[in-house]
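Trainee: Here's my sequence, what's the structure:
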Amino acid sequence: MLAILRNPTYAKLFSAQIIALLGTGLLTIVLGLLAFEVAGSDAGIVMGLAMTIKMIAYVVMSPITTALVARLPRKPVLIGADLLRAAAAILLPFVTEVWQIYALIFLLQSASATFTPMFQAVIVSVLPDEGEYTRALSLSRLAYDLESLVSPMLATVLLTVISYHNLFVGTALGFLASAALVIASRFPYIDPPAPARFFDRLTRGARVFWASSDLRGLLGLHLVVATATAMVIVNTVVLVQNDLGRPQSDVALLLGTYGGGSMLVALGMPKLLESLPDRRVMFVGGIALLILLVVAAGAIGWMSGAPQWTALLVIWALLGAATSAILTPSSRLLRRNSDDGNRSAVFAAQFSLSHACFLITYPLSGALGAVIGLPAIALVLAGISILGMAFVLPSWCNNAGLTRHHLAVPSHG
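Mentor: A predicted model of the protein is given here:
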């Protein structure tokens, strides 16, 4: 898997991704400390709204900014987005009002909504071989999972020796380092897309999604992933400390098993996809997530003591594994169902639509879970997963639906 790092352009871009991920992870942690300093006891409300603004920026701004820069060279756009993120991060320690936090978060996340899908589209052109691209996807999944484990530990260590205000500087330096690595990378030349009206550019990615059975099914699976992820991210703390009465360290342990399951599947995915079709692997992952949510409801509601804790550790590891089985190969479908002219738009549509699913399930999981309890919300989320899989079935379960080499014709929009 690491052999693809011999490609100098990919090695630089992967390094840029890791550095930016660490910067973003640190930012999320120190933002909570800043919110407490500015808003005091209302910090939770501030953080909740800030995270909502982040999701809205991802959903709304990604297709808009991608349409605006569609004919611009990719490297300057990526560099500009990194510089904008660095500027927003360096300004955050100087805020004195809550609205300033919201404004800077929207600016920073709008830049991320521009950077991330274009960066993902660039990797496709840097690694045209599908086997190499698959290994790159596995490395990317590992990077995301490791960041979720490393960032809190790194922040804890750094906060023992420096003020949290200085971590914003570290975040800004991370984005600047990412920009420097992008500058040092050599991008393959791609002809800009033909001129088109703004509305055509804005809707190009969504139209490709709707025209492709591959991508319609992928959208349904994103809803399934959003339900399971919401259960894990939103409710793990409540489950461990409130319902089970266990210490804070067990929150990290349970989240760690989720990340560990995801990483194990990501490591094995390139080999697995040599013998199994992408869509079959992803479909099984979707069914597994649905079943695991039901099993989680039973374990939370009807088990107790050591057997319950052991069961939850296993369930959370399997949730991570099934999520990775969907997300790791998903970009292969985007690659096959796009071309050089619409690829950035397709990746932007994926970025926007997948986060729209999170925008539904995260608030629902938190707010409704507090009212009806965790076993019941797990069943509600499982019900939403059924809707997602119902969207997958007519798109994928046809004669060619789960075969390995089924390719949809790209829509040039």
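
Trainee: what helix or strand does G205 sit in?
Mentor: For G205, the host element (DSSP states H and E) is helix 198-211.

Trainee: same for that helix, what does it pack against?
Mentor: Where contact means 3 or more C-beta pairs under 8 Å, 6 or more residues apart in numbering; DSSP states H and E, helix 198-211 is packed against helix 43-68, helix 213-237, helix 343-372. C-beta: built from backbone N, CA, C; applies to glycine.

Trainee: 6 Å instead, please
Mentor: helix 43-68, helix 343-372 (3 or more C-beta pairs under 6 Å, 6 or more residues apart in numbering; DSSP states H and E).

Trainee: Would you format those helices as a markdown table with mean neighbour count, mean pLDDT and distance to L387 included?
Mentor: A markdown table is the format used below for these (neighbours: other C-beta atoms under 10 Å; pLDDT from 0 to 100; distance: least, C-beta to C-beta, whole Å):
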| stretch | mean neighbour count | mean pLDDT | distance to L387 |
| --- | --- | --- | --- |
| helix 43-68 | 19 | 88 | 19 |
| helix 343-372 | 21 | 92 | 11 |
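
Trainee: right, so of those helices, which gets closest to A3?
Mentor: helix 343-372 (24.6 Å; C-beta to C-beta).

Trainee: Now the element after that closest one, going C-ward?
Mentor: Assignment by DSSP H and E places the next element after helix 343-372 at helix 374-396.

Trainee: Counting neighbours, which bits of that following helix end up buried?
Mentor: Of the residues in helix 374-396, 374-375, 377-382, 384-385, 388-389, 391-392, 395-396 count as buried by neighbour count, 16 or more other C-beta atoms under 10 Å.

Trainee: before we move on, the earlier item: with just CA atoms, put the helix holding G205 into CSV.
Mentor: C-alpha atoms of helix 198-211 as CSV (Å, rounded to 0.1, in the frame of the first residue of the first chain):
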residue,chain,number,x,y,z
PHE,A,198,-23.6,29.5,-13.9
PHE,A,199,-26.8,27.5,-13.2
ASP,A,200,-25.6,24.7,-15.4
ARG,A,201,-22.2,24.6,-13.6
LEU,A,202,-24.0,24.7,-10.2
THR,A,203,-26.2,21.7,-11.0
ARG,A,204,-23.8,19.7,-13.1
GLY,A,205,-22.7,17.4,-10.3
ALA,A,206,-26.2,16.7,-9.0
ARG,A,207,-27.4,15.9,-12.6
VAL,A,208,-24.6,13.4,-13.0
PHE,A,209,-25.6,11.8,-9.6
TRP,A,210,-29.2,11.6,-10.7
ALA,A,211,-28.4,10.1,-14.2
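
Trainee: Run through who's touching that helix.
Mentor: Contact partners of helix 198-211, identified using C-beta atoms under 6 Å, 6 or more residues apart in numbering, comprise P63, A67, A70, L215, N342, A345, V346, A348, A349, S411, G413.

Trainee: Domain map for the chain?
Mentor: 1-186, 196-399 (automatic domain parsing).

Trainee: and the ones you listed, which one is worst for confidence?
Mentor: Lowest mean pLDDT within the domains of the chain: domain 1-186, a mean of 90.

Trainee: hmm, back to that, report the two of the contacts of helix 198-211 separated the most.
Mentor: Applying C-beta to C-beta across the contacts of helix 198-211, the maximum distance is between A70 and L215, 19.2 Å.

Trainee: Mind checking which of those two has more residues around it?
Mentor: L215 (26 against 23; other C-beta atoms under 10 Å).

Trainee: And that one, how close does it get to F283?
Mentor: Using C-beta to C-beta, to the nearest Å, we find L215 at a distance of 14 Å from F283.

Trainee: How about V240?
Mentor: From V240 across to F283, the span is 31 Å (C-beta to C-beta).

Trainee: Over to R85?
Mentor: In terms of C-beta to C-beta, R85 sits 36 Å off from F283.

Trainee: In terms of packing, which of these two has more residues around it?
Mentor: R85 (29 against 22).

Trainee: tally of neighbours for the nearest residue to E97 once chain neighbours are set aside?
Mentor: Closest residue to E97 apart from its sequence neighbours, by C-beta to C-beta, 6 or more residues apart in numbering: V38 at 7.2 Å. With neighbours defined by other C-beta under 10 Å, the count for V38 comes to 16.

Trainee: can you give me phi and psi for V38?
Mentor: phi -80, psi -40 (degrees, to the nearest 10).

Trainee: now swap in D339 and tell me
Mentor: Torsion angles, degrees, to the nearest 10, at D339: phi -130, psi -180.

Trainee: Relative to Q17, how far out is it?
Mentor: 24 Å.

Trainee: next one: A121
Mentor: In this view, A121 and Q17 are 14 Å apart by C-beta to C-beta.

Trainee: where exactly do the helices run in the stretch 1-150 of the chain?
Mentor: 8-39, 43-68, 74-91, 98-126, 130-159 (DSSP state H, counting those that start in this stretch).

Trainee: Which elements pack onto the first one?
Mentor: In other words, helix 8-39. Counting by 3+ C-beta pairs under 6 Å, 6+ apart, helix 8-39 packs on helix 43-68, helix 98-126, helix 130-159, helix 164-184.

Trainee: And the ones you listed: which comes nearest I291?
Mentor: With C-beta to C-beta as the yardstick, what comes closest out of the helices and strands packed on helix 8-39 is helix 130-159 (22.0 Å).

Trainee: The closest one: how far from the chain's middle?
Mentor: Centroid separation for helix 130-159 versus its chain: 12 Å, with C-alpha atoms, centre = their mean, to the nearest Å.
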